[in-house]
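A.B. asks: Predicted model and sequence below, questions to follow.
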Amino acid sequence: MSAPVRVGTRRSLLATTQAGQVADLIRTRLGRETELVEITTDGDRSQAAGTPITDVPASNTGVFVGALRDALLDGRVDVAVHSLKDLPTAPAAGITLAAVPEREDPRDVVVARDGLTLGELPVGSRVGTGSPRRAAQLHALGLGLEIVGVRGNVDSRVRMVHDGTVDAVILARAGLARIDRLAEVTEVLDPLQMLPAPGQGALGVECRSDDALATELAGLDDPRSRAAVQAERAVLATLEGGCSAPIGALADVVEGDDGDELWVRAVALSLDGALSVRMSASGATADAIGVGNRLASDMLADGAGQLDPPAADPATDEPPEVQP
């Protein structure tokens, strides 16, 4: 009998829930037994010691992805599960993105006091987010809201609304759905108001490139979800080469006369939301990366590279949830 597939995860509720979903897929679709292996990251240890995540000596994305990838490469786990929006766009040596399972709804949501929507919040209301992308798009809406930087896991952010620290927070719908907290949502934001982070709502299942398990894990892949996130991440990768502004992107797969097609929307903004370059493009799902690259190149030609430089890495929408 083959050994159980060891699925690496961070120890937070959201991370273990996501890893558990992938483990279930491995059992039901591949017929393999699994076990979850919790990996403590530098970010988790710093939070436990009371160190703000902004003081951790690494990029926010690297703090949370690096430890899982190290566990893969040194053989402690066979599979690593990530929120795909947290993965750097550059490939990692020795590691393969083996599967992108069916994606959750990628939109952002509002959790606000008194059941309010974003437009119903009074001028001056305090809205919490740790994401430059969300902050810039909130500013661009011109609602007169005060944007407050927040950190922490989903529970701690929602608690900030309940205890009156802020009037609302903006979160990813997918995370709330996975931990069964959708009842907290007071509004689902239309992408016309707020484009999500590239890859938001999708999971990335990684394994070692030289592991035969990669072929089996391909059975967990959802072709439409993979095409959509490939296009979005291609937008991000190309813009990173000439643009340091907050970036949002969303690709939808639609049925065309000759099969599935992609419709990709993207935006790059100044931090204050006053300036933006917003474009869309379409093409075949088989050319997802090319569609994303061309869209981003057009945005750069239209001035996306001249937006004001932010203080944060544009590849990091916000750090993954951390322990309180």
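C.D. replies: Cool, the structure landed.
A.B. asks: do you know how far the residue nearest to L182 when sequence neighbours are not counted is from D114?
C.D. replies: Excluding the flanking residues, the one nearest L182 by CB to CB, 6 or more residues apart in numbering is L176, at 5.3 Å. The C-beta positions use only the backbone N, C-alpha and C, and glycine is treated the same way. L176 is 19 Å from D114, where distance means CB to CB, to the nearest Å.
A.B. asks: starting at the chain centroid, how far to the helix or strand where E232 lies?
C.D. replies: Per DSSP states H and E: E232 is located in helix 223-240. Centroid displacement of helix 223-240 relative to its chain, using CA atoms, centre = their mean, to the nearest Å, is 12 Å.
A.B. asks: I170 is in contact with the residue nearest to L182, correct?
C.D. replies: No: using CB atoms under 8 Å, L176 makes no contact with I170, being 11.4 Å away.
A.B. asks: Which SSE is immediately downstream of the least confident helix or strand in the chain by mean pLDDT?
C.D. replies: Of all helical and strand segments in the chain, the minimum by mean pLDDT, DSSP states H and E falls on helix 42-48, at a mean of 52. Following helix 42-48 in sequence order, the next helix or strand is helix 60-73 (DSSP H and E).
A.B. asks: helix or strand right after that following helix?
C.D. replies: By DSSP H and E, the next helix or strand past helix 60-73 is strand 79-83.
A.B. asks: Now find how far off-centre that next one is within its chain.
C.D. replies: Going by CA atoms, centre = their mean, the spacing between the C-alpha centre of strand 79-83 and its chain's C-alpha centre is 12 Å.
A.B. asks: what comes into contact with that strand?
C.D. replies: For strand 79-83, contacts defined as CB atoms under 8 Å, 6 or more residues apart in numbering pick out 5-9, 15, 18-19, 22, 26, 65, 68-69, 71-72, 98, 175, 199-200, 202-207, 213, 217, 320.
A.B. asks: what about the residue nearest to the spatial centre of the chain, distance to D163?
C.D. replies: Of all residues in the chain, the one closest to the mean position by CA atoms, centre = their mean is K85, 2.8 Å from it. As judged by CB to CB, K85 and D163 stand 28 Å apart.
A.B. asks: for this structure, which spans come out with low pLDDT?
C.D. replies: Applying pLDDT under 70 to the chain flags residues 1, 41-62, 242, 308-316, 318-324.
A.B. asks: And the helices in it?
C.D. replies: Assigned by DSSP state H, the helices in the chain fall at 13-30, 42-48, 60-73, 132-141, 154-162, 173-178, 213-217, 223-240, 288-301.
A.B. asks: Now the last one - C-alpha only, CSV.
C.D. replies: Once side chains and other backbone atoms are set aside, the C-alpha atoms of helix 288-301 remain, and they are given as CSV (Å, rounded to 0.1, in the frame of the first residue of the first chain):
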residue,chain,number,x,y,z
ALA,A,288,-4.3,32.7,-21.9
ILE,A,289,-0.8,33.8,-21.1
GLY,A,290,-0.5,35.6,-24.4
VAL,A,291,-3.8,37.4,-23.9
GLY,A,292,-2.7,38.6,-20.4
ASN,A,293,0.7,39.7,-21.7
ARG,A,294,-0.8,41.7,-24.6
LEU,A,295,-3.3,43.4,-22.3
ALA,A,296,-0.6,44.4,-19.8
SER,A,297,1.7,45.6,-22.6
ASP,A,298,-1.2,47.8,-23.9
MET,A,299,-1.6,49.2,-20.4
LEU,A,300,2.0,50.1,-20.1
ALA,A,301,1.9,51.8,-23.5
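A.B. asks: Return the angle between stretch directions for it and helix 223-240.
C.D. replies: Following axes from the mean of the first three to the mean of the last three CA atoms, to 10 degrees, one obtains 30 degrees for the angle between helix 288-301 and helix 223-240.
A.B. asks: Done for today, thanks.
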